[in-house]
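Novice: build the 3D model from these lines:
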Amino acid sequence: MKRNSRKISFLTLVCLILVSPFLSAQNQVEDAIRQMSEDNVSGYLQPFLNAFGATMNSGFSGTAIRDGDVTVRIDLVGMATVIGSAQELYNAKPPSHFPQESVETATIFGDQGAVIQGPQGLSYKFQNGQLNMEYFPLVAPQLTIGNIYNSQLVVRFFTYSSDSDVPDINMLGLGFRHALNPYFENLPFDLTAGLFYQNFSVGEIMKTNMIALNGMVSKQFNMFSVYGGAQFEYAGMNLNYEFEGAAAGENPEVDFTFSSENFVRAFAGFNIDMKFVHFRTDVSLGKVSVLSAAIGFGI
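Specialist: Down below sits the predicted model:
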């Protein structure tokens, strides 16, 4: 029991370390969002949702389910996507008393917000970027249990709450994987389909729901295996806050949901099983490309 407690504490510490670049800026991000109208906030956050949804919808498993295998494993899954220059700018809408031509300015991953001039010498500065990142990393602890009726249950769970400046974090993910080999005769590889749902909230105003449906094949060579597949996915973010720049008589409440631009991807990778220790890594290619790697303990 003490060993398991130490392991869980270690995973919690690693999770906090790997997401700390985002968490340390989260209050600044929320402050910036509250200064933005509904017209602009989705464009400002779109690259973030694309990166966040794609990374969280990665790294579910290293191989298809093999007939007769028993699996009880805890993994630490790390995922990252590169943030390029295309994710640093978007076209924003100026406030109503300024010329209504769209303006190219910084997203959440960008640098300085654009400055425009209006009537009577007035000027307006759009929000600066808040996350200065060359890549976007995340980590998730994951438990896999199976195989019952050729199926596995996959659980991701993490929660953190404190009185410090680090915002509260709540993550819950549930997945179901099912082996398809019993429905076919003499397949030269292992074939599995999976369905996964995740809910993730950080701080007070952003909540994200993610769904992924994938199919994968794998081939075992002693302790080494290769795998690949395709995935359809969705990530939607709900924003609920009061717009602090609302004009007199304007409803300041903003409450809407928008979705990521990543809907389909292909992935491939390899896995190494060493009895009770397991390593895997893969790369997925889509609208957003993600590199994931995991270390697991169990059978």
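
Novice: please make it C-alpha for all contacts and neighbour counts, starting now.
Specialist: Fine.

Novice: residue ranges with poor pLDDT in this structure?
Specialist: Within the chain, the segments meeting pLDDT under 70 span 1-27, 160-167.

Novice: need the longest strand for it.
Specialist: The longest strand of the chain (DSSP state E) is strand 224-242.

Novice: what's the burial count for Asp190?
Specialist: Asp190: 20 surrounding residues under other C-alpha atoms under 10 Å.

Novice: relative to Phe126, how far out is the residue of the chain most remote from its centre?
Specialist: The C-alpha centroid of the chain is most remote from Gln120, which lies 44.7 Å away (C-alpha atoms, centre = their mean). Distance of Gln120 to Phe126, computed by C-alpha to C-alpha, to the nearest Å: 19 Å.

Novice: tell me which other helices or strands the longest strand of the chain touches.
Specialist: Contact partners of strand 224-242 among helices and strands, from 3 or more C-alpha pairs under 8 Å, 6 or more residues apart in numbering; DSSP states H and E: helix 38-56, strand 206-221, strand 253-259, strand 264-274.

Novice: deepest-packed of these, please.
Specialist: Greatest average neighbour count among the helices and strands packed on strand 224-242 goes to helix 38-56 (a mean of 22), per mean count of other C-alpha atoms under 10 Å.

Novice: and that one, what does it pack onto?
Specialist: Packing partners of helix 38-56 (3+ C-alpha pairs under 8 Å, 6+ apart): strand 71-82, strand 89-92, strand 135-148, strand 224-242, strand 253-259.

Novice: Ile272: which of the ones you listed is closest?
Specialist: Closest to Ile272 of the helices and strands packed on helix 38-56 is strand 224-242 (C-alpha to C-alpha; 4.8 Å).

Novice: pairing partners for that closest one, with directions?
Specialist: Strands that pair with strand 224-242, judged by DSSP bridges, come out as strand 206-221 (antiparallel), strand 253-259 (antiparallel), strand 264-274 (antiparallel).

Novice: next one: it to chain centre, how far?
Specialist: Remark: strand 224-242 is offset 7 Å from the chain centroid, using C-alpha atoms, centre = their mean, to the nearest Å.

Novice: name the residues of the longest strand of the chain that are buried.
Specialist: Within strand 224-242, the residues that count as buried by 16 or more other C-alpha atoms under 10 Å are 225-242.

Novice: helix 38-56 and that strand, what's the angle between them?
Specialist: Using axes from the mean of the first three to the mean of the last three C-alpha atoms, to 10 degrees, the inter-axis angle of strand 224-242 relative to helix 38-56 is 160 degrees.

Novice: could you dump strand 224-242 to CSV, C-alpha only?
Specialist: C-alpha atoms of strand 224-242 as CSV (Å, rounded to 0.1, in the frame of the first residue of the first chain):
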residue,chain,number,x,y,z
PHE,A,224,8.8,-5.7,-29.6
SER,A,225,5.7,-4.7,-31.5
VAL,A,226,4.7,-2.2,-34.1
TYR,A,227,1.2,-0.6,-34.4
GLY,A,228,-0.7,1.9,-36.4
GLY,A,229,-4.3,3.0,-37.1
ALA,A,230,-6.7,5.8,-37.8
GLN,A,231,-8.8,8.0,-35.5
PHE,A,232,-11.8,10.3,-35.7
GLU,A,233,-12.1,12.8,-32.9
TYR,A,234,-13.8,15.9,-31.5
ALA,A,235,-12.8,18.5,-28.9
GLY,A,236,-15.2,21.2,-27.8
MET,A,237,-14.5,24.0,-25.3
ASN,A,238,-17.1,25.9,-23.3
LEU,A,239,-16.3,29.4,-22.2
ASN,A,240,-18.4,31.0,-19.5
TYR,A,241,-17.3,34.5,-18.2
GLU,A,242,-18.3,38.1,-17.9
